[in-house]
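Engineer: Fold the following, please.
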Amino acid sequence: MSSNFRYTMVRTVRPYVKYFPQLTKPVLRVLIKVSVHYLESSKCSPEELDLELTKLTHSGHDIPDNFCELFAAVLQIMQIFLRTPKGIVKDHELRDCLKELRFTDECVEDLSKVLYNHRASLTKNFIEAKTSRSKPKNMQWRINISLGEGTCNGSVNAPTIILHFQLPDGRYRTLEFPLSMFHQLRYNVALLLSEMQALESRAVMKKF
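Structural biologist: Residues are numbered from 1 along each chain as shown. Take a look at the predicted model:
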């Protein structure tokens with residue numbers, strides 16, 4: 001296995017490791033389905049997500065409180081794998097890497113099967129979605145701090161980030177996500193910049 005793949009996988013997913021031991025097979029399958037939908041359409045449809053979560057609850061399964069973090073982790077695992085050239089990472093090597101990240105055996109089995117059995121179609125759709133993904137024209141963000149409902153002591157709810165941006169077609173979108181996810185975004189951007197600097201410092205890159 002490419003040491004770079006394992007390094008990138010472990011370093012990127014490490015903040016989510018504490019959530020994996022409690023991840024159940026039914027929840028993982030929903031996460032995989034939603035992640036595949038995102039990879040193939042370059043967006044996470046609220047309707048698609050609501051439908052899958054409704055199916056999950058109707059079948060008697062609980063939705064974990066950290067569902068958003070688990071979704072981010074599974075999506076990043078799939079993206080890292082699909083960006084790695086075919087044949088670099090063997091099946092058993094991927095399974096070992098997922099076990100190291102504390103996934104249960106049944107979750108390792110499901111996730112590795114999806115990535116290997118459907119790699120060709122996932123890679124094709126992933127590349128097409130990346131090339132067609134629209135970029136925002138304008139973007140603004142702010143921290144939202146609100147008082148808890150029905151409280152007399154002025155307790156404050158956990159702060160969230162409000163992101164407001166304009167798409168190339170003129171439409172506006174507003175997203176709200178936890179402060180913890182914003183810090184994770186900052187971490188990933190800093191990690192990307194650090195890896196770009198390390199790559200630029202290599203002798204082979206100085207030839208270009």
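Engineer: Going by C-alpha atoms from here, please, whenever you check contacts or count neighbours.
Structural biologist: Fine.
Engineer: low pLDDT regions in this protein?
Structural biologist: Counting by pLDDT under 70, the chain shows low-confidence ranges at 1-3, 42-46, 125-135, 147-156, 199-208.
Engineer: how close does the most centrally placed residue in it sit to T12?
Structural biologist: The residue lying closest to the centre of the chain (Cα atoms, centre = their mean) is A72, at 2.6 Å. According to Cα to Cα, to the nearest Å, A72 stands 11 Å off from T12.
Engineer: thinking again about what came up before, isn't there a helix covering the residue nearest to the centre of the chain?
Structural biologist: Yes - under DSSP: H, G, I helix; E, B strand; the rest coil, A72 sits within a helix.
Engineer: Make sure C97 is actually in contact with R6.
Structural biologist: Yes - with contact defined as Cα atoms under 8 Å, C97 and R6 form a contacting pair (6.9 Å).
Engineer: Next, the buried residues of the helix or strand Q79 falls within.
Structural biologist: Mapping Q79 onto the secondary structure by DSSP states H and E places it in helix 67-83. Residues of helix 67-83 classed as buried by neighbour count (16 or more other Cα atoms under 10 Å): 69-79, 81-82.
Engineer: go on, stretch 105-116?
Structural biologist: Neighbour-count burial for stretch 105-116 [16+ other Cα under 10 Å]: C107, V108, L111, S112, V114, L115, Y116.
Engineer: Next, find the distance separating the residue nearest to the third one when sequence neighbours are not counted from E176.
Structural biologist: Okay, so that is L111. Spatial nearest neighbour of L111, chain neighbours left out: I32 (7.5 Å); criterion: Cα to Cα, 6 or more residues apart in numbering. Remark: distance between I32 and E176 (Cα to Cα) = 22 Å.
Engineer: Neighbour count: these two, which is higher?
Structural biologist: I32 (19 against 14; other Cα atoms under 10 Å).
Engineer: helix, strand or coil for that one?
Structural biologist: Once three-state DSSP is applied, I32 turns out helix.
Engineer: The longest helix along the chain packs against which elements?
Structural biologist: Across the chain, the longest stretch assigned as helix under DSSP state H is helix 179-200. Counting contacts by 3 or more Cα pairs under 8 Å, 6 or more residues apart in numbering; DSSP states H and E, helix 179-200 packs against strand 160-166.
Engineer: Name the residues of the strand it packs on that are buried.
Structural biologist: For strand 160-166, the buried set under the neighbour-count rule, 16+ other Cα under 10 Å, comprises T160, I161, I162, H164, F165, Q166.
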